[in-house]
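A.B. asks: turn this into a model:
(one chain, ligands or ions: 1)
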Amino acid sequence: MANILAADIGGTTCKLGLFSDDLELLHKWEIPTETFPDGGKILEDIHEVFVKETANHGLDLTDIIGVGLGVPGPVDFKNGIINGAINLNWNGKKPISYEFEKMSGIRTIVDNDANIAALGEQYKGAGSGYDDVVMMTLGTGVGGGIVVNGLLAHGHGGAAGEIGHIHVDTKRRFQCNCGKKGCLETVASATGIVNLARHHFHNGVETRLSKTLEEGTVTSKAVVDAAKSGDALGIKVLDEVAGFIGLALSDISVLTNPNYFIIGGGVSRAGDILMDRIRKHYKRLTFPPAHENTEIVFAELGNDAGIHGAARLVKQYLT
Ligand SMILES: [Zn+2]
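C.D. replies: This next block holds a predicted model:
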């Protein structure tokens, strides 16, 4: 047997998967992430459930050729070290690969969660069959992953693919979590949609959302829904969001010239009202040879993208 185990560790749940040698997902399950008091039990919990679930499938850990882990934070890919993960209560550098290998006796590889999601979509999802794919995840923040020639780009310090921090808002209106202003994340995430809605509301744009905007309780979903029903402010915000995303994709297109840009995350559920606008702006801005063969599509694997990518990493680097 040469099975593979994968875990995508999130702030509230860990998604886990057991794969065959040729990367078919045999079984998937979830466990809660025990982040209190210091996230110290997370790897142990994963190990324990791996032992149990492999046994349930008539296997033991000696049948497993590798473990792939995804973590929500910056990763030194070569050395398998995560440099802090706020959502997991992990502070400072933590040698994840080493710790999990010591615990399980199985070779382990670790990468950032946005990267493994991108690799999962490239290999098994919306980019399936193509070697050059870029994924953009529009959630509370904006994450991303860049696959070139079938491999994730990591870069010198692991920051390759952090496309949420491409500078797009030259007016530098909103503060980003990274400490800078003007990042894509400040104008294209769920938070970014709310930033823009507030900004235009204060500048007098008409809207039916004035009550929640005044109270400070407006949500990105409410802004999207308002746009769908023709609200002037909602439409203005979505136009601007799509313009910034189109600009970022256009910049990326001449760096890696992907077959597919894959858009995922909660904000992508806005659907065609957002996607049509992204495609329009992308086409308007992009170097013709870089848009003629590139499609912008929605992600297909949802929450399973990460485990598929983590398993793929095992196959690429540990076998
Ligand atoms: Zn930033």
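A.B. asks: hey, let's count contacts and neighbours off CA atoms from now on
C.D. replies: Fine.
A.B. asks: surely residue 68 meets residue 6?
C.D. replies: Yes. Counting by CA atoms under 8 Å, residue 6 is a contact partner of residue 68 at 4.7 Å.
A.B. asks: what touches both of those two?
C.D. replies: The contact sets of residue 68 and residue 6 overlap at 307, 310-311 (CA atoms under 8 Å, 6 or more residues apart in numbering).
A.B. asks: okay, those residues in TSV with secondary structure, pLDDT and distance to residue 248 next?
C.D. replies: Output for these, formatted as TSV (DSSP: H, G, I helix; E, B strand; the rest coil; pLDDT from 0 to 100; distance: CA to CA, whole Å):
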residue	secondary structure	pLDDT	distance to residue 248
307	helix	98	27
310	helix	98	26
311	helix	98	29
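A.B. asks: got JSON lines for the residues you listed, with neighbour count and distance to residue 80 too?
C.D. replies: Output for those, formatted as JSON lines (neighbours: other CA atoms under 10 Å; distance: CA to CA, whole Å):
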{"residue": "307", "neighbour count": "31", "distance to residue 80": "17"}
{"residue": "310", "neighbour count": "32", "distance to residue 80": "13"}
{"residue": "311", "neighbour count": "33", "distance to residue 80": "15"}
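A.B. asks: okay, residue 68 and residue 6: which has more neighbours?
C.D. replies: The neighbour comparison of residue 68 against residue 6 (other CA atoms under 10 Å) goes to residue 6, with 32 against 29.
A.B. asks: tell me the mean pLDDT over the helix or strand harbouring the more buried one?
C.D. replies: Assignment of secondary structure by DSSP states H and E places residue 6 within strand 3-9. In this model, strand 3-9 carries a mean pLDDT of 97.
A.B. asks: for it, name the packing helices and strands.
C.D. replies: Applying 3 or more CA pairs under 8 Å, 6 or more residues apart in numbering; DSSP states H and E, one finds that strand 3-9 contacts strand 13-19, strand 64-71, helix 305-317.
A.B. asks: who does it pair up with?
C.D. replies: Applying DSSP bridges, strand 3-9 is found paired with strand 13-19 (antiparallel), strand 64-71 (parallel).
A.B. asks: list the contacts of the helix or strand of the chain with the lowest mean pLDDT.
C.D. replies: When the helices and strands of the chain are scored by mean pLDDT, DSSP states H and E, helix 288-292 comes last with a mean of 89. Outside helix 288-292, the residues that touch it by CA under 8 Å, 6+ apart are 253-254, 257, 282-283.
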